[in-house]
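>>> generate a structure from the sequence data that follows.
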Amino acid sequence: MSLRYLTAKLAQQIDEELMNAAGAFSIDQLMELAGLACAQTLATVYSRRRNQGGDGLVAARHLATIWMPKSQSPPKRLKTQCDNMHIQTIAPSSDVQPLRDALARSDVILDAIFGFSFQPPVRAPFDAALPLISQSGLPIVSVDIPSGWDVEKGNAVGVGLNPDGFKGRHFLGGRFVPKAMEEKFQLNLPAYPGFDQIVELPSAESSQKL
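Numbering: from 1, shown residues only. Alright, predicted model coming up:
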């Protein structure tokens, strides 16, 4: 039985249900679990682990440098946790040189800028950051969907990032998804091995996603 691929509307519905009385998760809990899965994916695929990065903030706490163009709540609490771990944060600025310098010191980029609800156009400071990230030549690992892409139409406007995963490797996180919700939305989730928070999808499944 193949996995089910989700529309943006259905993904949003599942997110909301995870956080309502049925799912009983707080947004911080979901970010913590998703961020841990992101960190485990990077650690699995790349031997040297630095990244730019709430899922990205959690992953950075496990791994390293953050480019965070704006603060929100509850991610602000996750940012404080990163500060407590003395993890470097590049503050928002019209000057892209600090981001350029951080990219030069990095080995891999964790793209957690936009999610599946992204709608163009790409506004400042992202309009300057995305080309810099693309031009860095570093491997990119995207969370949910590559930043700048439409979840159903792909990189239709041509401004999105092109992550390593779209060359053939996809990892699925979400071990925490309740069985009742899996059955309700017919997600057909694979088994997670051992105590892993992620599972790599077979290449045949990955090719269907392209």
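>>> quick check: mean pLDDT of the helix ranked longest in the chain?
Assignment by DSSP state H gives helix 27-45 as the longest helix of the chain. Average pLDDT, helix 27-45: 86.
>>> buried ones in that helix?
Residues of helix 27-45 classed as buried: 30-42, 45 (neighbour count, 16 or more other CB atoms under 10 Å). Where C-beta positions appear, they are placed from N, C-alpha and C, glycine not excepted.
>>> neighbours of residue 194, just the number please.
Residues near residue 194, counting by other CB atoms under 10 Å, number 4.
>>> and the gap between it and residue 175?
From residue 194 across to residue 175, the span is 11 Å (CB to CB, to the nearest Å).
>>> just residue 197 next, same as before
Counting by CB to CB, the gap from residue 197 to residue 175 is 6 Å.
>>> and for those two, which residues touch both?
Here residue 197 and residue 175 share the contacting residues 33, 37, scored by CB atoms under 8 Å, 6 or more residues apart in numbering.
>>> when these two are compared, which one has more neighbours?
residue 197 (20 against 16).
>>> leaving out chain neighbours, which residue sits closest to that one?
Nearest residue to residue 197, sequence neighbours excluded (CB to CB, 6 or more residues apart in numbering): residue 37, at 4.3 Å.
>>> what of residue 180?
Residue 180 sits nearest to residue 22 (CB to CB, 6+ apart), 7.7 Å away.
>>> spatially central residue for this protein, please.
The centroid of the chain falls nearest to residue 143 when counting by CA atoms, centre = their mean (2.0 Å).
>>> isn't that residue right up against residue 111?
Yes: if you go by CB atoms under 8 Å, residue 143 and residue 111 touch, sitting 6.5 Å apart.
>>> related to what we said a few turns ago, and the gap between the residue nearest to the centre of the chain and residue 134?
Distance from residue 143 to residue 134, by CB to CB: 17 Å.
>>> for residue 98, same thing?
Distance, residue 98 to residue 134, by CB to CB: 18 Å.
>>> ok, residue 16 next?
Taken as CB to CB, the span from residue 16 to residue 134 is 32 Å.
>>> these two: who's more crowded?
residue 134 (16 against 11).
>>> next, the contact list for the residue lying closest to the more buried one once chain neighbours are set aside, please.
What sits nearest to residue 134 in space, not counting adjacent residues and going by CB to CB, 6+ apart, is residue 161, at 5.9 Å. Residues in contact with residue 161 (CB under 8 Å, 6+ apart) are 111, 130, 133, 134, 140, 142, 146, 147, 148, 149.
>>> out of those, which are inside strands?
Secondary structure defined by DSSP state E assigns 111, 140, 142 of these to strands.
>>> helices of the chain, start to end?
8-19, 27-45, 55-62, 75-84, 97-104, 126-135, 179-184, 203-209.
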